[in-house]
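A.B. asks: Generate coordinates for the sequence data below:
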Amino acid sequence: MSGIVIAGAGQAGFQAAASLRDNGYAGPVVLLGDEPELPYQRPPLSKAYLDGKADDEMLRLRPQSFFDEHRIEYHPGESLVRIRRAERQVELSSGRRLAYDHLVLATGSRNRVLPVPGADLDGVVQLRTRADAADLRRRLSGVRRAVVIGAGFIGLEFAAVAVQRGIPVSVIEATERPMSRALSVPMSSFFRAAHEAKGVRFLFDAPATRITGENGRATGVETAGAGHVEGDLVLVGIGVVPNVDAAVDAQLAVADGVLVDEQLVTSDPHISAIGDCASFPTPFADGRRVRIESVQNAADQARCVASRLAGRPASYAAVPWFWSDQGSLKLQIAGLSTPHEEAVLRGAPAGGAFSVFCFARGRLVGVESVNRPADHMAARRLLAGRIGITPEQAGDPGFDLKALASAPRSAGAAAA
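C.D. replies: Presented below is the predicted three-dimensional model:
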């Protein structure tokens, strides 16, 4: 019996393997991991691990004994090279071939490469893997000045850690505001002000054009419009691209990710795709295809596929949610707040705890909260239950949000 092969041992791949056993699947389960170690969590890499508050042991999703006890055949340092669909086999980086009854692509994504001169200088770093984070943690002790290229989640999480350690940080961003792809203008503006209050310097509308260096080491970044920014450490955080090379080679349908249907099946019925590499339709984007880079999405899609492969198929319809810890600020997002037409504030930004309710065509599509966990939990329930809320209700501090989110739909909650 060939069983199920899972390519990728990040959060999605690991969860798929574990959930297959939780669902009673008794056949062989093979998990392939690119990195030469046990599967681990990525979110702490730019936060607690980078700051020395978490170690390698704390990052591990499970010890080796878990894989042994659950009969999960784990192959560290073995990546998928080629899919031989006609034979239902995969070819691995070691040259070995494995047969499969079903293949789950959980190949994740990789950091986007900065296409400018000097990007290969010593001192130019990225943050994606545990090894990247360990290298960056070592370097921080000798850094005089840091430059971050890209004002996204990873870049700002790193900036928060660096300034707490007394390292001056400049953040270079090609767009007009931080986290512009993910956040509303009010929340984006709040985080800009909060980071600036801690000493972070922002340069917007300033794409990097060259990384300068002396004797093979980085000394700063040349920008278009903002001149030269000095720094002996340059962190590049300009987004990711999905790992779809093997899928393209196998002629699966691909467009900014491996295309899957509502049950996460690819154009080949014997292959599924989950996590960062999958482009899927979701009711939380009016049926549009999205590709979501989050632990929640990876884990929930893994559970959905495992349930189907164990004989209990269902469409994937989990509410997307995200988080980012930046210093003392905990950002939580429920739903997909971009694009939206109206942003309504609940709470006071000046107090450091508030939410932004985002509406499109009068319907709630996403809620961004900072240090307001109750709002976040209510938002997830509202979105999951398609419970209607008006902009006026969202902005009224006296309106009982928790009661609305908890009320049975027959008691007055309207479908959105």
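A.B. asks: Please count neighbours and contacts with C-alpha atoms only from this point.
C.D. replies: Will do.
A.B. asks: what is the closest residue to residue 203 other than its chain neighbours paired to in the beta sheet?
C.D. replies: Counting by CA to CA, 6 or more residues apart in numbering, residue 203 lies nearest to residue 172, which is 4.9 Å off, once chain neighbours are set aside. For residue 172, the beta-bridge partners are residue 149, residue 203 (DSSP bridges).
A.B. asks: check contacts around residue 172.
C.D. replies: Residue 172 is in contact with 147-151, 202-204, 206-208, counting by CA atoms under 8 Å, 6 or more residues apart in numbering.
A.B. asks: got those residues as a markdown table, with neighbour count and distance to residue 353 columns?
C.D. replies: As requested, those are exported to a markdown table (neighbours: other CA atoms under 10 Å; distance: CA to CA, whole Å):
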| residue | neighbour count | distance to residue 353 |
| --- | --- | --- |
| 147 | 26 | 28 |
| 148 | 28 | 26 |
| 149 | 23 | 28 |
| 150 | 24 | 25 |
| 151 | 28 | 21 |
| 202 | 21 | 23 |
| 203 | 22 | 26 |
| 204 | 18 | 25 |
| 206 | 20 | 30 |
| 207 | 19 | 32 |
| 208 | 24 | 33 |
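A.B. asks: And the pLDDT for the residue nearest to residue 203?
C.D. replies: The model reports residue 172 with a pLDDT of 98.
A.B. asks: And the one 4 residues further on, by the same measure?
C.D. replies: We note a pLDDT of 97 for residue 176 in this prediction.
A.B. asks: the strands in the stretch 51-200 of the chain, which residues?
C.D. replies: Counting by DSSP state E, counting those that start in this stretch, the stretch 51-200 of the chain has strands at residues 72-76, 80-84, 89-92, 97-99, 102-105, 109-111, 124-125, 146-149, 169-172.
A.B. asks: Please apply the same query to the stretch 201-350 of the chain.
C.D. replies: 201-203, 208-214, 217-223, 227-230, 233-236, 240-242, 258-259, 271-273, 278-281, 289-290, 321-326, 329-335, 342-348.
A.B. asks: Looking at those strands, which is nearest to residue 41?
C.D. replies: Evaluated over these, closeness to residue 41 peaks at strand 321-326, with 14.2 Å, by CA to CA.
A.B. asks: Describe which strands the closest one pairs with in its sheet and in which direction.
C.D. replies: strand 329-335 (antiparallel).
A.B. asks: If you count neighbours, what's buried in the strand it pairs with?
C.D. replies: Judged by neighbour count (16 or more other CA atoms under 10 Å), strand 329-335 contains these buried residues: 329, 331-335.
A.B. asks: now do stretch 248-255
C.D. replies: 248, 252, 254.
A.B. asks: Just give the closest residue to the first one, not the sequence neighbours.
C.D. replies: The spatial neighbour of residue 248 that comes closest, neighbours along the chain excluded (CA to CA, 6+ apart), is residue 254 at 6.6 Å.
A.B. asks: Verify the contact between the one you found and residue 243 for me.
C.D. replies: No: counting by CA atoms under 8 Å, residue 254 sits too far from residue 243 to count as a contact (10.7 Å).
A.B. asks: Show me which of the contacts of residue 172 is closest to residue 401.
C.D. replies: Closest to residue 401, out of all of the contacts of residue 172 and judged by CA to CA, is residue 151, at 31.9 Å.
A.B. asks: list the contacts for the closest residue to that closest one other than its chain neighbours?
C.D. replies: Nearest residue to residue 151, sequence neighbours excluded (CA to CA, 6+ apart): residue 178, at 4.9 Å. Each residue near residue 178 by CA under 8 Å, 6+ apart is listed here: 151-152, 188-189, 191-192.
A.B. asks: how far away is residue 178 from residue 333?
C.D. replies: 15 Å (CA to CA, to the nearest Å).
A.B. asks: quick revisit: want to try a markdown table for the buried residues of stretch 248-255, with distance to residue 129 and pLDDT as columns?
C.D. replies: Listed next are the buried residues of stretch 248-255 as a markdown table, based on distance: CA to CA, whole Å; pLDDT from 0 to 100:
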| residue | distance to residue 129 | pLDDT |
| --- | --- | --- |
| 248 | 24 | 98 |
| 252 | 27 | 98 |
| 254 | 25 | 98 |
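A.B. asks: Run through the protein and note the low-pLDDT ranges.
C.D. replies: 1, 409-416 (pLDDT under 70).
A.B. asks: Would you mind giving the domain segments of it?
C.D. replies: Domain ranges of the chain: 4-110+241-309, 124-238, 328-411, per automatic domain parsing.
A.B. asks: Which among those domains is found nearest to residue 319?
C.D. replies: Taking these one by one with CA to CA, domain 328-411 is closest: 6.0 Å.
A.B. asks: quick one on the thing from earlier: and the strands of the stretch 201-350 of the chain: which comes nearest residue 391?
C.D. replies: Proximity to residue 391 (CA to CA) singles out strand 342-348 among those, at 6.4 Å.
A.B. asks: same for the closest one, what does it pack against?
C.D. replies: strand 353-360, helix 391-395 (3 or more CA pairs under 8 Å, 6 or more residues apart in numbering; DSSP states H and E).
A.B. asks: Run the angle between that strand and strand 353-360 for me.
C.D. replies: Orientation check (axes from the mean of the first three to the mean of the last three CA atoms, to 10 degrees): strand 342-348 against strand 353-360 gives 160 degrees.
A.B. asks: Any buried residues in strand 342-348, and which?
C.D. replies: Judged by neighbour count using 16+ other CA under 10 Å, the buried positions of strand 342-348 are 342-347.
A.B. asks: ok, residues contacting that strand?
C.D. replies: For strand 342-348, with CA under 8 Å, 6+ apart as the criterion, the contacting residues are 184, 186, 353-360, 391, 394-397.
A.B. asks: Could you do stretch 86-103 as well?
C.D. replies: Residues contacting stretch 86-103 (CA under 8 Å, 6+ apart): 1-7, 78-84, 270-272.
A.B. asks: If we use 10 Å, what do you get?
C.D. replies: With CA atoms under 10 Å, 6 or more residues apart in numbering as the contact definition, stretch 86-103 has outside contacts at 1-7, 27-30, 32, 34, 77-85, 246, 250, 268-273, 309.
A.B. asks: Surely residue 63 and residue 38 touch.
C.D. replies: Yes: in this structure, residue 63 is within contact of residue 38 by CA atoms under 10 Å, at 7.4 Å.
A.B. asks: quick one: which of those two has more around it?
C.D. replies: residue 38 (21 against 12; other CA atoms under 10 Å).
A.B. asks: So the more buried one versus residue 311, what's the distance?
C.D. replies: 29 Å.
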